[in-house]
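**Q** Just to be clear, the model below is a prediction. Sequence and coordinates:
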Amino acid sequence: MAYTPELSVKNAATLRRIAWALEVPMTEAMEKIFEFIPTLLDSRKVCKKCKDKTRCNDCVFNNRN
């Protein structure tokens with residue numbers, strides 16, 4: 001794992017409830033959330049603000065994928 005941010009108590013509780021609903025561990029629920037987020041956000045905005053252009057080929061926001 002590259003980065004492990006701490007969650008606030010509120011966000012940890014939210015993640016726990018999502019995990020319960022999906023009947024998966026919290027780590028798996030977080031993965032599912034990250035897989036879903038690109039369907040909600042405008043990839044052009046994300047790419048425009050991106051500060052790491054070295055990973056475009058495997059980025060989930062890259063429309064060519």
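**A** Cool, the structure landed.
**Q** Point out where the protein drops to low pLDDT.
**A** Residues of the chain meeting the criterion pLDDT under 70: 1, 64-65.
**Q** Just give me the neighbour total for Ala29.
**A** 20 (other CB atoms under 10 Å). For the C-beta atoms, the positions are set from N, CA and C on the backbone; glycine is no exception.
**Q** so it is in which element?
**A** For Ala29, the host element (DSSP states H and E) is helix 26-36.
**Q** what sits up against that helix?
**A** For helix 26-36, the external contacting residues (CB atoms under 8 Å, 6 or more residues apart in numbering) are Leu15, Arg16, Ile18, Ala19, Leu22, Val24, Val60.
**Q** again with stretch 57-64
**A** So stretch 57-64 is contacted by Glu35, Pro38, Leu41, Ser43, Val46, Cys47, Cys50, Cys56, Asn65 (CB under 8 Å, 6+ apart).
**Q** repeat that with 6 Å
**A** Stretch 57-64 has contacts (CB atoms under 6 Å, 6 or more residues apart in numbering) with Pro38, Ser43, Val46, Cys47, Cys56.
**Q** Quick check: the residue lying closest to the fourth one once chain neighbours are set aside vs Thr39, distance?
**A** Using CB to CB, 6 or more residues apart in numbering and skipping residues adjacent in sequence, the residue nearest Cys47 is Phe61, 5.8 Å away. Counting by CB to CB, to the nearest Å, the separation of Phe61 from Thr39 is 11 Å.
**Q** Between the two, point out the one with more neighbours.
**A** The neighbour comparison of Phe61 against Thr39 (other CB under 10 Å) goes to Phe61, with 16 against 8.
**Q** And what about the more buried one, helix, strand or coil?
**A** Classification of Phe61 using DSSP: H, G, I helix; E, B strand; the rest coil returns coil.
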